[in-house]
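K.L.:
After the sequence you'll find the predicted model.
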Amino acid sequence: MNEILISNFSNNNLEISNNNFAIKEELLEEIEKLKLENIKLERKLKIKKRRSFDEIINELKEEYLELSEISLKALATAEYLFRNENSNMDYATIYSEYVKVLEIEFKKKTVARRKNTFGSMLGELKKKKEFKTFVEALEINRIKEIRNKGTHSRVVNKTECGIIRKLLIDEGWLRRILYLLTEEQNQKVISKKLIETMILSTEEKLKVGTKYYNNYLTDSGEYILTKSMLHIGTFYGEGEVVEINDLEYIMLS
């Protein structure tokens, strides 16, 4: 009797072990299926992350309001190709599109010449303290050299192209450059002027670029712009006569 009980117990244990093994196998198979489905899902999501050219250009239009139409199209082209293409292609054309944006915008700032090359513009801008750091960053990363060689004699890889993109987009230099260019374009210095006048009233503040200036009307009908506060009454000082939106103002030094 005991032998029969032991035998039945052993058989039951064997059946339980077999069942556990079968359950474990089923679980492993289920896990593998889930992994495979997850991989497929990730691939689908990657495909969905691809942005159309129109989506990218609209995104950039909101981000960089100061960009000219031709600069915007060049930047959108570079962004579309950089984001969506594989890493084995020649990125020379894409690289040139990023540089093209700088060339177009820099021409608004530098003195117009018959042959205004990218190199000559960089040399001119480097003399100005507000652009010096950026120009040095371009020089350190050999931007001009890589663009020139990529155009004529060698392949540009995605890593190299990523450097100029990082400078302009990720590190925010394009935004800063546009800010500096816009600030200067919004005011045209006509002459310097010694001021001896009577301030009559405080007018509505005037926005020049991204900054606001206090605006004062004088008894001669001129307007004085300054970041500091002035009092009504006699005023002596020195400033620059500037043209803003086709109107002249005296901006204090």
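P.N.:
Arrived safely, thanks for sending. Numbers count the residues shown, from 1 in each chain.
K.L.:
among the helices and strands of the protein, which one scores worst on average pLDDT?
P.N.:
Least confident element among the helices and strands of the chain, by mean pLDDT, DSSP states H and E: helix 2-49 (a mean of 59).
K.L.:
May I have whichever helix or strand comes after it as CSV, with CA atoms only?
P.N.:
Counting by DSSP states H and E, the next helix or strand C-terminal to helix 2-49 is helix 53-63. Extracted as CSV, the C-alpha positions of helix 53-63 are listed here (Å, rounded to 0.1, in the frame of the first residue of the first chain):
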residue,chain,number,x,y,z
PHE,A,53,9.4,69.3,-45.7
ASP,A,54,6.3,71.4,-45.2
GLU,A,55,6.1,70.5,-41.5
ILE,A,56,9.8,71.4,-41.0
ILE,A,57,9.6,74.7,-42.9
ASN,A,58,6.5,75.7,-40.9
GLU,A,59,8.3,74.7,-37.6
LEU,A,60,11.3,76.8,-38.6
LYS,A,61,9.2,79.8,-39.7
GLU,A,62,7.8,80.0,-36.2
GLU,A,63,11.2,79.5,-34.6
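K.L.:
how close does Pro241 get to Glu222?
P.N.:
Quick fix: residue 241 reads Val, not Pro. Val241 is 9 Å from Glu222, where distance means CB to CB, to the nearest Å. All C-beta spots, glycine's among them, are computed from the backbone N, C-alpha and C.
K.L.:
Residues in contact with both of the two, list them for me.
P.N.:
When CB atoms under 8 Å, 6 or more residues apart in numbering defines a contact, the residues bordering Val241 and Glu222 alike are Glu248, Tyr249, Ile250.
K.L.:
Grab the nearest non-local neighbour of Glu248.
P.N.:
Using CB to CB, 6 or more residues apart in numbering and skipping residues adjacent in sequence, the residue nearest Glu248 is Val241, 5.9 Å away.
K.L.:
Could you identify the helix or strand that succeeds the host helix or strand of that neighbour?
P.N.:
Element membership of Val241, judged by DSSP H and E, is strand 233-244. Using DSSP H and E, the next helix or strand after strand 233-244 towards the C-terminus is strand 247-252.
K.L.:
can you list contacts of that next one?
P.N.:
Contacts of strand 247-252 (CB under 8 Å, 6+ apart): 187, 190, 193, 195, 206, 213, 215, 222-226, 228, 237-242.
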